[in-house]
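Peer 1: coords below, sequence missing:
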(Lines give C-alpha, C1' and ligand atoms only; values in the text may rest on other atoms or scores of the structure.)
Protein backbone atom coordinates (compact mmCIF):
# COMPACT_ATOMS: atom_id res chain seq x y z
CA UNK A 1 0.00 0.00 0.00
CA UNK A 2 1.32 3.46 -0.90
CA UNK A 3 1.84 6.22 1.67
CA UNK A 4 -1.05 8.17 0.16
CA UNK A 5 -3.38 5.18 0.38
CA UNK A 6 -2.30 4.56 3.97
CA UNK A 7 -3.04 8.18 4.89
CA UNK A 8 -6.47 8.03 3.29
CA UNK A 9 -7.25 4.80 5.11
CA UNK A 10 -6.13 6.30 8.43
CA UNK A 11 -8.29 9.39 7.92
CA UNK A 12 -11.29 7.19 7.09
CA UNK A 13 -10.71 5.09 10.19
CA UNK A 14 -10.54 8.19 12.36
CA UNK A 15 -13.76 9.46 10.84
CA UNK A 16 -15.52 6.20 11.69
CA UNK A 17 -14.22 6.04 15.24
CA UNK A 18 -14.33 9.74 16.09
CA UNK A 19 -17.01 11.59 18.02
CA UNK A 20 -19.50 11.64 15.13
CA UNK A 21 -19.57 7.85 14.98
CA UNK A 22 -20.47 7.67 18.67
CA UNK A 23 -22.96 10.52 18.76
CA UNK A 24 -26.27 9.49 20.26
CA UNK A 25 -29.66 11.04 19.74
CA UNK A 26 -30.82 12.93 22.85
CA UNK A 27 -33.67 11.39 24.79
CA UNK A 28 -37.10 12.81 24.04
CA UNK A 29 -38.16 13.50 27.63
CA UNK A 30 -41.59 14.61 28.82
CA UNK A 31 -42.15 15.68 32.43
CA UNK A 32 -45.68 15.40 33.79
CA UNK A 33 -47.04 15.87 37.26
CA UNK A 34 -47.95 18.13 40.13
CA UNK A 35 -46.16 20.80 42.18
CA UNK A 36 -43.50 18.41 43.47
CA UNK A 37 -42.46 17.91 39.84
CA UNK A 38 -43.04 21.53 38.88
CA UNK A 39 -40.85 22.69 41.75
CA UNK A 40 -43.47 25.21 42.81
CA UNK A 41 -41.91 27.83 45.04
CA UNK A 42 -38.34 27.28 43.83
CA UNK A 43 -36.80 30.28 42.11
CA UNK A 44 -36.37 31.25 39.34
CA UNK A 45 -39.91 30.83 38.02
CA UNK A 46 -40.58 29.56 34.50
CA UNK A 47 -42.89 32.24 33.10
CA UNK A 48 -44.01 30.21 30.08
CA UNK A 49 -47.00 29.02 32.13
CA UNK A 50 -47.39 31.32 35.16
CA UNK A 51 -50.47 29.59 36.56
CA UNK A 52 -48.52 26.36 36.97
CA UNK A 53 -45.84 27.85 39.26
CA UNK A 54 -43.20 25.88 37.39
CA UNK A 55 -39.57 26.38 38.36
CA UNK A 56 -36.55 26.61 36.09
CA UNK A 57 -34.72 24.53 38.71
CA UNK A 58 -37.20 21.67 39.12
CA UNK A 59 -35.99 18.09 38.99
CA UNK A 60 -37.00 17.52 35.33
CA UNK A 61 -34.81 20.42 34.25
CA UNK A 62 -31.94 19.10 36.39
CA UNK A 63 -32.31 15.65 34.79
CA UNK A 64 -32.42 17.17 31.31
CA UNK A 65 -29.37 19.37 31.89
CA UNK A 66 -27.32 16.45 33.19
CA UNK A 67 -28.36 13.96 30.51
CA UNK A 68 -28.70 16.25 27.50
CA UNK A 69 -32.30 15.15 27.04
CA UNK A 70 -34.77 17.23 25.02
CA UNK A 71 -37.27 18.19 27.68
CA UNK A 72 -40.93 19.06 27.28
CA UNK A 73 -42.02 20.18 30.75
CA UNK A 74 -45.79 20.34 31.33
CA UNK A 75 -45.69 19.90 35.10
CA UNK A 76 -48.18 22.07 36.93
CA UNK A 77 -48.73 22.98 40.55
CA UNK A 78 -51.95 21.60 42.09
CA UNK A 79 -52.37 19.02 39.31
CA UNK A 80 -54.50 15.97 40.02
CA UNK A 81 -54.61 12.73 38.06
CA UNK A 82 -57.63 14.04 36.13
CA UNK A 83 -55.47 16.80 34.69
CA UNK A 84 -53.59 14.28 32.62
CA UNK A 85 -56.70 14.15 30.41
CA UNK A 86 -58.49 17.41 31.31
CA UNK A 87 -57.36 21.03 31.05
CA UNK A 88 -56.31 22.28 34.48
CA UNK A 89 -56.58 25.98 33.63
CA UNK A 90 -57.62 27.93 30.55
CA UNK A 91 -54.74 27.67 28.12
CA UNK A 92 -53.16 24.76 30.00
CA UNK A 93 -53.70 21.62 27.92
CA UNK A 94 -54.23 18.13 29.36
CA UNK A 95 -50.78 16.92 30.26
CA UNK A 96 -50.73 13.73 28.21
CA UNK A 97 -51.11 15.79 25.03
CA UNK A 98 -47.37 16.39 25.38
CA UNK A 99 -46.67 12.68 24.91
CA UNK A 100 -45.81 11.13 21.56
CA UNK A 101 -45.40 7.63 20.20
CA UNK A 102 -41.64 8.13 20.08
CA UNK A 103 -41.25 9.70 23.55
CA UNK A 104 -38.28 8.00 25.25
CA UNK A 105 -38.64 9.05 28.89
CA UNK A 106 -41.51 10.20 31.10
CA UNK A 107 -41.24 11.26 34.74
CA UNK A 108 -43.96 12.35 37.13
CA UNK A 109 -45.30 12.78 40.62
CA UNK A 110 -49.07 12.64 40.96
CA UNK A 111 -51.74 11.63 43.46
CA UNK A 112 -50.97 13.90 46.39
CA UNK A 113 -53.63 16.42 45.36
CA UNK A 114 -56.34 13.87 44.64
CA UNK A 115 -59.01 14.04 47.35
CA UNK A 116 -57.08 17.02 48.73
CA UNK A 117 -54.89 14.48 50.57
CA UNK A 118 -51.77 16.55 51.22
CA UNK A 119 -53.29 19.99 51.71
CA UNK A 120 -56.34 18.65 53.51
CA UNK A 121 -54.35 16.55 55.95
CA UNK A 122 -51.78 19.27 56.63
CA UNK A 123 -54.34 21.99 57.23
CA UNK A 124 -56.58 19.74 59.32
CA UNK A 125 -53.73 18.50 61.48
CA UNK A 126 -52.09 21.91 61.71
CA UNK A 127 -55.31 23.48 62.93
CA UNK A 128 -55.91 20.67 65.40
CA UNK A 129 -52.32 20.91 66.60
CA UNK A 130 -52.56 24.63 67.30
CA UNK A 131 -55.82 24.21 69.19
CA UNK A 132 -54.34 21.41 71.31
CA UNK A 133 -51.10 23.23 71.99
CA UNK A 134 -49.24 20.37 70.35
CA UNK A 135 -50.46 17.69 72.73
CA UNK A 136 -52.15 14.37 71.99
CA UNK A 137 -53.40 13.24 68.60
CA UNK A 138 -56.43 15.45 67.90
CA UNK A 139 -56.23 15.06 64.13
CA UNK A 140 -56.08 11.28 64.25
CA UNK A 141 -58.89 11.25 66.83
CA UNK A 142 -61.08 13.39 64.58
CA UNK A 143 -60.33 12.00 61.12
CA UNK A 144 -59.25 8.42 61.84
CA UNK A 145 -58.86 6.39 58.65
CA UNK A 146 -60.72 8.84 56.39
CA UNK A 147 -57.62 9.96 54.47
CA UNK A 148 -56.42 6.39 54.05
CA UNK A 149 -59.86 5.21 52.96
CA UNK A 150 -59.96 7.79 50.15
CA UNK A 151 -56.45 6.85 49.04
CA UNK A 152 -57.59 3.26 48.57
CA UNK A 153 -61.04 3.89 47.16
CA UNK A 154 -60.30 6.85 44.88
CA UNK A 155 -56.63 7.78 44.50
CA UNK A 156 -55.36 4.31 43.66
CA UNK A 157 -57.76 3.58 40.77
CA UNK A 158 -57.28 7.12 39.42
CA UNK A 159 -53.50 6.68 39.53
CA UNK A 160 -53.62 3.37 37.73
CA UNK A 161 -55.96 4.69 35.06
CA UNK A 162 -53.76 7.77 34.51
CA UNK A 163 -50.61 5.65 34.16
CA UNK A 164 -52.37 3.34 31.71
CA UNK A 165 -53.19 6.38 29.56
CA UNK A 166 -49.55 7.46 29.70
CA UNK A 167 -48.50 4.01 28.55
CA UNK A 168 -51.02 4.05 25.71
CA UNK A 169 -49.76 7.40 24.42
CA UNK A 170 -46.06 6.50 24.69
CA UNK A 171 -45.84 2.68 24.58
CA UNK A 172 -42.05 2.53 24.24
CA UNK A 173 -41.14 5.14 26.83
CA UNK A 174 -39.48 4.47 30.15
CA UNK A 175 -41.92 5.84 32.71
CA UNK A 176 -40.58 6.83 36.13
CA UNK A 177 -43.15 7.53 38.83
CA UNK A 178 -41.58 9.29 41.78
CA UNK A 179 -42.72 8.87 45.35
CA UNK A 180 -43.00 11.87 47.63
CA UNK A 181 -40.01 12.64 49.92
CA UNK A 182 -40.77 12.62 53.64
CA UNK A 183 -42.54 15.71 54.89
CA UNK A 184 -42.57 14.77 58.58
CA UNK A 185 -40.03 12.89 60.72
CA UNK A 186 -40.91 9.47 62.10
CA UNK A 187 -41.44 10.86 65.61
CA UNK A 188 -42.29 14.28 66.98
CA UNK A 189 -39.56 16.87 67.41
CA UNK A 190 -40.74 19.44 69.97
CA UNK A 191 -38.50 22.11 68.45
CA UNK A 192 -40.33 21.74 65.15
CA UNK A 193 -43.78 22.74 66.40
CA UNK A 194 -43.23 26.43 65.63
CA UNK A 195 -42.55 25.53 61.97
CA UNK A 196 -44.88 22.54 61.62
CA UNK A 197 -47.66 22.94 64.23
CA UNK A 198 -48.60 19.28 64.34
CA UNK A 199 -49.50 17.68 67.68
CA UNK A 200 -46.96 15.12 68.87
CA UNK A 201 -49.33 12.18 68.42
CA UNK A 202 -50.28 13.31 64.93
CA UNK A 203 -46.72 13.37 63.58
CA UNK A 204 -46.63 9.59 63.08
CA UNK A 205 -50.26 9.75 61.89
CA UNK A 206 -49.36 12.12 59.05
CA UNK A 207 -46.23 10.17 58.26
CA UNK A 208 -48.30 6.99 57.96
CA UNK A 209 -50.73 8.69 55.56
CA UNK A 210 -47.82 9.70 53.35
CA UNK A 211 -46.34 6.20 53.52
CA UNK A 212 -49.70 4.77 52.48
CA UNK A 213 -49.94 7.16 49.52
CA UNK A 214 -46.42 6.28 48.40
CA UNK A 215 -47.23 2.58 48.65
CA UNK A 216 -50.27 3.07 46.43
CA UNK A 217 -48.18 5.07 43.93
CA UNK A 218 -45.61 2.24 43.87
CA UNK A 219 -48.36 -0.34 43.38
CA UNK A 220 -49.94 1.54 40.47
CA UNK A 221 -46.50 2.02 38.89
CA UNK A 222 -45.69 -1.67 39.16
CA UNK A 223 -49.03 -2.70 37.69
CA UNK A 224 -48.61 -0.47 34.63
CA UNK A 225 -45.00 -1.29 33.76
CA UNK A 226 -43.54 1.90 35.19
CA UNK A 227 -40.51 2.29 37.44
CA UNK A 228 -41.11 3.55 40.96
CA UNK A 229 -38.49 5.97 42.35
CA UNK A 230 -38.39 5.40 46.09
CA UNK A 231 -37.36 8.16 48.49
CA UNK A 232 -38.20 6.37 51.73
CA UNK A 233 -34.52 5.92 52.59
CA UNK A 234 -32.78 8.76 50.77
CA UNK A 235 -35.10 11.47 52.10
CA UNK A 236 -34.93 10.22 55.69
CA UNK A 237 -33.50 12.97 57.83
CA UNK A 238 -34.33 15.65 55.27
CA UNK A 239 -37.92 16.39 56.31
CA UNK A 240 -39.45 19.81 56.90
CA UNK A 241 -38.35 19.83 60.55
CA UNK A 242 -34.66 19.86 59.67
CA UNK A 243 -32.60 23.06 59.36
CA UNK A 244 -32.08 24.92 56.11
CA UNK A 245 -29.36 23.28 54.07
CA UNK A 246 -30.40 19.84 55.31
CA UNK A 247 -34.12 19.73 54.67
CA UNK A 248 -35.49 18.94 51.23
CA UNK A 249 -39.00 20.07 52.14
CA UNK A 250 -39.82 23.54 53.39
CA UNK A 251 -41.97 23.83 56.54
CA UNK A 252 -45.45 25.25 56.82
CA UNK A 253 -44.20 28.35 58.65
CA UNK A 254 -40.94 30.34 58.53
CA UNK A 255 -39.63 28.54 55.49
CA UNK A 256 -37.63 29.95 52.60
CA UNK A 257 -39.99 29.14 49.71
CA UNK A 258 -43.11 31.07 48.80
CA UNK A 259 -44.93 27.72 48.58
CA UNK A 260 -44.70 25.87 51.92
CA UNK A 261 -44.53 22.10 52.48
CA UNK A 262 -42.88 21.61 49.09
CA UNK A 263 -39.39 20.67 47.96
CA UNK A 264 -36.77 23.41 47.94
CA UNK A 265 -33.97 23.66 45.37
CA UNK A 266 -31.89 21.08 47.27
CA UNK A 267 -34.86 18.70 47.35
CA UNK A 268 -35.49 19.06 43.62
CA UNK A 269 -31.81 18.40 42.93
CA UNK A 270 -31.81 15.28 45.12
CA UNK A 271 -35.02 14.06 43.48
CA UNK A 272 -33.28 14.38 40.12
CA UNK A 273 -30.25 12.43 41.36
CA UNK A 274 -32.36 9.59 42.78
CA UNK A 275 -34.34 9.40 39.55
CA UNK A 276 -31.20 9.20 37.44
CA UNK A 277 -29.69 6.59 39.78
CA UNK A 278 -32.85 4.47 39.63
CA UNK A 279 -33.01 4.65 35.84
CA UNK A 280 -29.27 4.26 35.35
CA UNK A 281 -28.99 7.62 33.61
CA UNK A 282 -26.10 9.04 35.64
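Peer 2: Nice, thanks for sending it over. Since the model is a prediction, treat every value here as computed from it, not as a measurement.
Peer 1: identify the residues contacting residue 112.
Peer 2: 34, 36, 118, 180, 213 (CB atoms under 8 Å, 6 or more residues apart in numbering). Just so you know, the C-beta spots here come from the backbone N, C-alpha and C atoms, and that holds for glycine as well.
Peer 1: surely the last one meets residue 152?
Peer 2: The one in question is residue 213. No: applying CB atoms under 8 Å as the test, residue 213 and residue 152 come out as separate, 10.2 Å apart.
Peer 1: more crowded one of these two?
Peer 2: Set residue 213 next to residue 152 and count neighbours by other CB atoms under 10 Å: residue 213 wins out with 25 against 12.
Peer 1: ok, back up a step: just the contacts of residue 112 now: which is nearest residue 227?
Peer 2: Each of the contacts of residue 112 was scored against residue 227 by CB to CB, and residue 180 proved nearest at 15.9 Å.
Peer 1: per-residue confidence for the closest one?
Peer 2: Residue 180 carries a pLDDT value of 98.
Peer 1: a strand runs through it, doesn't it?
Peer 2: No: per DSSP: H, G, I helix; E, B strand; the rest coil, residue 180 lies outside any strand segment and is coil.
Peer 1: excluding chain neighbours, give the residue nearest to residue 31 in space.
Peer 2: Leaving aside its sequence neighbours, residue 31 sits nearest to residue 60 (CB to CB, 6 or more residues apart in numbering; 3.4 Å).
Peer 1: would you say the one you found is within a helix?
Peer 2: Yes: Residue 60 sits within a helix when classified using three-state DSSP.
Peer 1: how much space separates it from residue 268?
Peer 2: Here residue 60 is placed at a distance of 9 Å from residue 268 (CB to CB, to the nearest Å).
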